[in-house]
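J.: Show me the folded form of this:
(chains A and B)
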Amino acid sequence: MESLNLHELTAAYALDALDADEARAYEAHLAGCERCRAELASLGEAAGSLAFAVESPAPPARLRAAILDQAAAERENVVPLPVSRSRLFRATACAAAVAACAVAGLAIWVASLHSRLHNRQALTWTVVVHGGRGTLTVSGLSAAPSGKTYEAWVIPSGEAAEPAGLFNGGKSTVVQLTRPIPEGALVAATVERAGGVSAPTTTPLFTARV
Amino acid sequence: MSRPLAHLSDEALVALAARSDSSALAELYDRYGRVAYGLALRILRDEALAEDAVQDGFLAVWRTAARFMPERGKASGWILTLVHRRAVDLVRREERRRGESLERVPDPGGASVEEDAWLRFERGRVQDALRQLPDQQREAIELAYYGGFSQSELAERLGQPLGTIKSRMFSGLARLRELLGEPGLEMSWNP
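T.: Purely as a prediction, here's the structure:
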């Protein structure tokens, strides 16, 4: 296709009215044509406003949840950067949790994580931090065995783990973390002897950076 | 529902999404999910397919946020383009749907009064601008954007040379840009 013709495709491209081959050719052309880029920015804005002319019924609530769950699943092994006072992170226990631990320099903790997780179903956890205080919500974690407890930890960046509360597991557990959570800290949980300990002695069941 | 990022611009939210902040993606969805869904439903006329298009579009936002270039246009336009593209891809695969009526829409509901007022205002503004286009330009633009027809399909369907279709789309969009850029229209809005 000649370059002259490609210039004429800007409006059709802005309306998504090119077939796949034409769109690819136009995009290749766009990379080297300042005029078309400028025109596309301006016509594209007009085309985008067409979205607002349509009656908009409310989408079902499950759509929002599905998008955010899928997005979280795709990035769970990426350490998010703290950006505001109120932050929400969610993760699912799987091999990616090991990667997150390794990123955080906690490889020493995770040596036997796989064996602890392999027979567990859909362990999920959420840490909500607001004003430096955190709430941990865990589901899918079986009740702690006799003589044992789960212990939550706050690990400020580059520092030792600080005990942040005990909990017993069960179907769904909400734990108010007893330590303030500085930005960039990790929240983790381990199995410990009943009554808790002052430093973790087992590999973490999960970690989340907040 | 608390919206801690409600004070940020769309472009700032995209930058945060690029840094894996899922609450930024949630805020973008809260701002544009409804418009995106309405658009996808208009194109696809099927609620399940519309949900697929919106989900794919917002996940594309999540995956490619780092490549968003503010100098090429507004973030809202970029997001709606990603959803629109998915919807058009889907409707081209689901050929049968495109003959159906454009008019049926489900009962709107669920947005706050404030959102409703804003959406109604935008809708009225763009519909007014569309009405001012010459019929043939409006037809080409509506069939392309809401019908998902390619320019070649339009040329065939309307019995016109491809060059004529291109020219109608270009002139129509250029005129629409002018009409939507007129500040007088915005001044007339009293919520």
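J.: so what's the residue most central in space within chain B up against?
T.: For chain B, the residue nearest the mean C-alpha position is B:L80 (4.7 Å; CA atoms, centre = their mean). Shown in contact with B:L80 (CB atoms under 8 Å, 6 or more residues apart in numbering or on different chains): A:G48, A:A51, B:Y32, B:V35, B:A36, B:L39. For glycine as for every other residue, the C-beta is placed from the backbone atoms N, C-alpha and C.
J.: who wins for neighbours among those residues?
T.: When the contacts of B:L80 are compared by neighbour count (other CB atoms under 10 Å in any protein chain shown), B:A36 ends up highest, at 31 neighbours.
J.: Look up the closest residue to it, ignoring the ones flanking it.
T.: Distances taken as CB to CB, 6 or more residues apart in numbering or on different chains put B:V83 closest to B:A36, at 4.3 Å, once the chain neighbours are dropped.
J.: tell me which element the one you found is part of?
T.: helix B:75-93 (DSSP states H and E).
J.: Tell me if whatever helix or strand comes next after that helix is near chain A.
T.: Sequence order places helix B:113-131 as the next helix or strand after helix B:75-93, per DSSP H and E. Yes - with CB under 8 Å from any CB of the partner chain as the criterion, chain A is reached by helix B:113-131 at B:L119, B:E122, B:R123, B:R125, B:V126, B:Q127, B:A129, B:L130.
J.: Can you tell me the SS state at the spatially closest residue to B:G172 that is not a sequence neighbour?
T.: Closest residue in space to B:G172, ignoring its immediate chain neighbours: B:Q137 at 3.2 Å, by CB to CB, 6+ apart. Following DSSP: H, G, I helix; E, B strand; the rest coil, B:Q137 is assigned to helix.
J.: quick one, what contacts B:Q137?
T.: Per CB under 8 Å, 6+ apart, neighbours of B:Q137: B:R168, B:M169, B:S171, B:G172, B:R175.
J.: At the geometric centre of chain A, which residue sits there?
T.: Nearest to the geometric centre of chain A sits A:A72, at 3.6 Å (CA atoms, centre = their mean).
J.: which stretches of the chain have low pLDDT?
T.: Let's take chain A. Per-residue confidence for chain A (pLDDT under 70) gives these ranges: A:1-4, A:76-125, A:171, A:203.
J.: please go with chain B instead
T.: B:1-2, B:96-116, B:182-191.
J.: Off-centre distance for the longest helix along it?
T.: Taking residue count as the measure and DSSP state H as the definition, the longest helix of chain B comes out as helix B:22-44. With CA atoms, centre = their mean, to the nearest Å as the basis, the distance from the averaged C-alpha position of helix B:22-44 to the chain average is 10 Å.
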